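Asker: quick one: sequence and predicted model below, then my questions.
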Amino acid sequence: MNLRLRRDELLTNLKKCQTIIKTKNILPVLSNVLLEKKGDKLKIEANNLEIVRVIMLGDIYAEGEDVSFCLPHSLLVSILASSTSSDVVFELKDHERKCQIKLEDAQFNIPYLLEEEFPKFDSMMSETLETDCHIKAEVLYELFRKTIYAASTDDDNRIKLNCVNLSYDKVMKEIRTVATDGQRLAKSKILNFSLENIENFATKISLSSFPHVLSFLKDCEQGANVRFKLNSKIGILDYKGNYVCFRLLENDALDVDKYFSEYEKDYTALEFNKDQLSMFLTRAEILYGKTSHIVFHFDDDCLSVSVKNQDLGQLVDKIPILTKNNHKLMICFNPKYLIESLNNLGGERVKIYYKENTLPIIMEAEKEGVSKDIGVVMPLRFLDN
């Protein structure tokens, strides 16, 4: 078997598998990538038993029968990165169980493993995939991007929060994502959204899957529809034969509506210019730290902040409120959490809902009839001094 590829193209696509292949594996074979030649196409597969990434390369030059073999990922990347050769040629020496890698300026002979030694992707798909639909890649990417920051990274006691909840409501015509770490919450939804022949579904995607999921969606062409298949255990995103397969968390999806269904009625709502609010919070964060005391004041016509830092000094700042305020309040927040929530809201204006200084505030931005983003942030313990 003789296989010729563009070196830079192969190297670029091998690097996309890098985060899947762990440096320390219980099974040594998981440090390898599976290279499978079928006709004039090459399939690259990486698998860590939790996530599978498959990349298809087309229009390659090949001689001989179709074949599959495994090579160490890090070694292969190092070999390709060390050369300026335009092409790379792979030739299997079956009697020696070695792969000859030919570059213009060097030649390597590397032991390879057989396909039978590599974990089968089919083993992750033994059950029926009940949901099978097509969604625009940028829709999923934006939904995930706007909420993933709020997911918990605590592996010990908040495993149920180490995820992003994804759900679809056929009656409401909404697809949405929700994530929380217990201190803040992010929710994003696309309005007037329909999936043909699909009933309601709700699932939880593990935080560890997102580097690969987001990378996959970002690589798709603009305006592309990806095929999304899932059941209670796994999800698959597929685009033109390239796919990423990931395990799902098997517990109930987070229902936040029962906690925040009445906030528009019970809370005071104030409207702000998003860019002004962003700069305001950025200035407040400059002096914020372990030795600082920060208080926000919702007054009649402005939002002001007072920051006192024992080491760096103090700040007094304010911005105008775009709507009339009849509910004054003093409340403490970590500005970092407010900034993260604000930066992941769409639109030019943002509404802030609040009630008491012991209850969370809700930041909301809506593109009328298109999307709605929400960020919820818990206050700090209120200090009188």
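Answerer: The structure has been received and is ready for your questions. These numbers were taken from a predicted model, which means no experiment stands behind them. Residues are numbered from 1 along each chain as shown.
Asker: okay, CA-based contacts and neighbour counts for the rest of this
Answerer: Noted.
Asker: give me phi/psi at F280?
Answerer: As for F280, its main-chain torsions (degrees, to the nearest 10) stand at phi -60, psi -50.
Asker: neighbours of it, just the number please.
Answerer: 19 (other C-alpha atoms under 10 Å).
Asker: do you know how far it is from I319?
Answerer: To I319, F280 is 7 Å away according to C-alpha to C-alpha, to the nearest Å.
Asker: now S209
Answerer: From S209 across to I319, the span is 40 Å (C-alpha to C-alpha).
Asker: so these two - more neighbours on which side?
Answerer: Just comparing S209 and I319: by other C-alpha under 10 Å the higher neighbour count belongs to S209, 19 against 16.
Asker: how is that one assigned, secondary-structure-wise?
Answerer: When the structure is split into helix, strand and coil by DSSP: H, G, I helix; E, B strand; the rest coil, S209 lands in helix.
Asker: end-to-end on stretch 300-317?
Answerer: Across stretch 300-317, the straight-line distance between its terminal residues is 15 Å, by C-alpha to C-alpha.
Asker: Three-state assignment for Y243, please.
Answerer: State at Y243, reduced to three classes by three-state DSSP: strand.
Asker: now for F333, how many residues are close by?
Answerer: Look at F333: counted by other C-alpha under 10 Å, it has 20 neighbours.
Asker: check which helix or strand covers it.
Answerer: Secondary-structure assignment from DSSP states H and E places F333 in no helical or strand segment.
Asker: correct me, but it touches G289?
Answerer: No: taking C-alpha atoms under 8 Å as the contact criterion, F333 and G289 are not neighbours in contact, 11.7 Å apart.
Asker: so who does the residue nearest to K372 when sequence neighbours are not counted touch?
Answerer: Of all residues not flanking K372 in the chain, E366 sits nearest, at 4.3 Å (C-alpha to C-alpha, 6 or more residues apart in numbering). Under the criterion of C-alpha atoms under 8 Å, 6 or more residues apart in numbering, the contact list for E366 reads G346, G347, V350, K372, D373.
Asker: greatest separation within those residues: which pair is it?
Answerer: Comparing every pair within those by C-alpha to C-alpha identifies V350 and K372 as the most remote, at 10.8 Å.
Asker: between the two, which one's more packed in?
Answerer: Set side by side, V350 and K372 show more neighbours around V350, with 22 against 19, by other C-alpha under 10 Å.
Asker: with adjacent residues omitted, what lies nearest to the more buried one?
Answerer: Leaving out its chain neighbours, V350 is closest to A365 (C-alpha to C-alpha, 6+ apart), at 4.9 Å.
Asker: you'd agree the one you found is in a helix?
Answerer: No: if the criterion is three-state DSSP, then A365 is strand and not within a helix.
Asker: thanks a lot, catch you later.
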